[in-house]
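Colleague: can't give you the sequence, but here's the structure:
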């Protein structure tokens, strides 16, 4: 590769670097080499400057790190001409994680090193005099910065802390809690759509009580049902297992394995009174007293999902006892039934039983699973499956009859939630009760219901099951 560049040496000019080098002297033959001069103990000027800059940068970095870490201030006065780098550092609170409490003396032991820095008068550089290890600061004497007052700006005051130090919990022991554990009320709707509530964008169906809960609480916008059918979704919710590991994965073979750990059994061991009111739906065919085997001490409602279709049943289960419902006459159709004489609406019975349970256990922490069946359809009743006492407050609308009944069911559900909240407040339990509301899965399209009419899916695709599933003999959840 050719190049037209010329070098200074080739042109007869001295090289700018090699010209500064002293000529190398070769000793004459037969003479001893000259002794090299001993170092004077001082570095060359250019090296000295580099070391000073490096030391200055290192000390500055140490000062910055110490101030950011927030070392506690020193109580000892600094020497004249010295500066304590930690005096301007922010203070640590007494409960800071870096202050570990000593088990023997009850002292706060900060693990920290503080440099004492002095300005060199000759060079003007900073240098570290010594490092001071700070440890064993008593918890009874905590220095806190004071506001501007009689002591002057930036003054410090010593505030004695007379609180006794709590002994640390033993290894493996749960942290101590003061007061009574909170009550838990978990309300589950049956086939309610995400968009059926006003707090999620519903414009036509009135749900003021649930909307109030959403305003004063929290909405779980990333909470998903465990399965698209009721039995599998309820199994996932109660056991914490997804459908790959759960015992119930669809609408057939509905049975929990013996000794299955559920949310109710865990809370019962923790001292909670547990109750399930409404739809169990995790045993088909029904087994009397089945919920009592999985952590629930009290049960009232439906055992199997087919029986739960009928809103006017002629009997319900109380623990392991079959209790007749006066005034309701049911005609058997297939595996389910349709009431030909209607007197008592099961949804109202569940609300009344729930308030009775709250009253009886107001002096003890309780877990109430209130599993309503609204707005599930009674599939055995065909187009009249959306069973509700009346269509108020929507009787004056020009909507189709199925849509009026569906909206009335959702508003009746909302009114019952309002009754539960009011009863908790009446018993003085509202402030110490966690209220959770959810649906087992998405909306249905049975008995003339149309999710698109009220935008029940909230612009999300899909719904629970197709109507043709029931024609094939499958049970809905």
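Modeller: Arrived safely, thanks for sending. For clarity, every value in this text was computed on a predicted model and none was experimentally measured. Numbers count the residues shown, from 1 in each chain.
Colleague: got the buried residues for stretch 237-247?
Modeller: Neighbour counts over stretch 237-247 (16 or more other Cβ atoms under 10 Å) mark 237-239, 241, 243, 246-247 as buried. All C-beta spots, glycine's among them, are computed from the backbone N, C-alpha and C.
Colleague: what does it rub up against?
Modeller: 188, 226-227, 232, 235-236, 249, 255-257, 260-264, 282, 294, 438, 440 (Cβ atoms under 8 Å, 6 or more residues apart in numbering).
Colleague: In helices, which of those fall?
Modeller: 232, 235-236, 263-264 (DSSP state H).
Colleague: And the nearest residue to residue 309 once chain neighbours are set aside, how close does it get to residue 430?
Modeller: Residue nearest to residue 309 in three dimensions, not counting chain neighbours: residue 378, with 4.4 Å by Cβ to Cβ, 6 or more residues apart in numbering. Residue 378 sits at a distance of 34 Å from residue 430 (criterion: Cβ to Cβ, to the nearest Å).
Colleague: higher neighbour count, the two?
Modeller: residue 378 (23 against 14; other Cβ atoms under 10 Å).
Colleague: Check what pLDDT the more buried one gets.
Modeller: The score at residue 378 is 96. That number is its pLDDT.
Colleague: Would you mind confirming that it is in contact with residue 388?
Modeller: No: taking contacts as Cβ atoms under 8 Å, residue 378 lies outside contact range of residue 388: 10.6 Å.
Colleague: what do these two both touch?
Modeller: With Cβ under 8 Å, 6+ apart as the test, residue 378 and residue 388 both reach residue 311.
Colleague: how many neighbours does residue 301 have?
Modeller: A total of 25 residues lie near residue 301 under the criterion other Cβ under 10 Å.
Colleague: same deal with residue 394?
Modeller: Counted with other Cβ under 10 Å, residues neighbouring residue 394 total 18.
Colleague: Identify the residues contacting it.
Modeller: When contacts are counted by Cβ under 8 Å, 6+ apart, residue 394 is found next to 404, 407-408, 411.
Colleague: what separates it from residue 311, distance-wise?
Modeller: Residue 394 is 18 Å from residue 311, by Cβ to Cβ.
Colleague: what do you get for residue 270?
Modeller: Distance of residue 270 to residue 311, given as Cβ to Cβ: 35 Å.
Colleague: Check residue 298 too.
Modeller: Using Cβ to Cβ, we find residue 298 at a distance of 22 Å from residue 311.
Colleague: can you check residue 236 too?
Modeller: From residue 236 to residue 311 the distance is 26 Å (Cβ to Cβ).
Colleague: With neighbour numbers in mind, choose between those two.
Modeller: residue 311 (26 against 20).
Colleague: didn't the more buried one look like it was pressed against residue 386?
Modeller: No: at 9.3 Å, residue 311 and residue 386 do not qualify as touching, with contact defined as Cβ under 8 Å.
Colleague: Pull up the overlap in contacts between these two.
Modeller: Common neighbours of residue 311 and residue 386 (Cβ under 8 Å, 6+ apart) are residue 378.
Colleague: ok, back up a step: could you check how far the residue nearest to residue 309 is from residue 452?
Modeller: In terms of Cβ to Cβ, residue 378 sits 22 Å off from residue 452.
Colleague: before we move on, what about residue 391?
Modeller: 20 Å.
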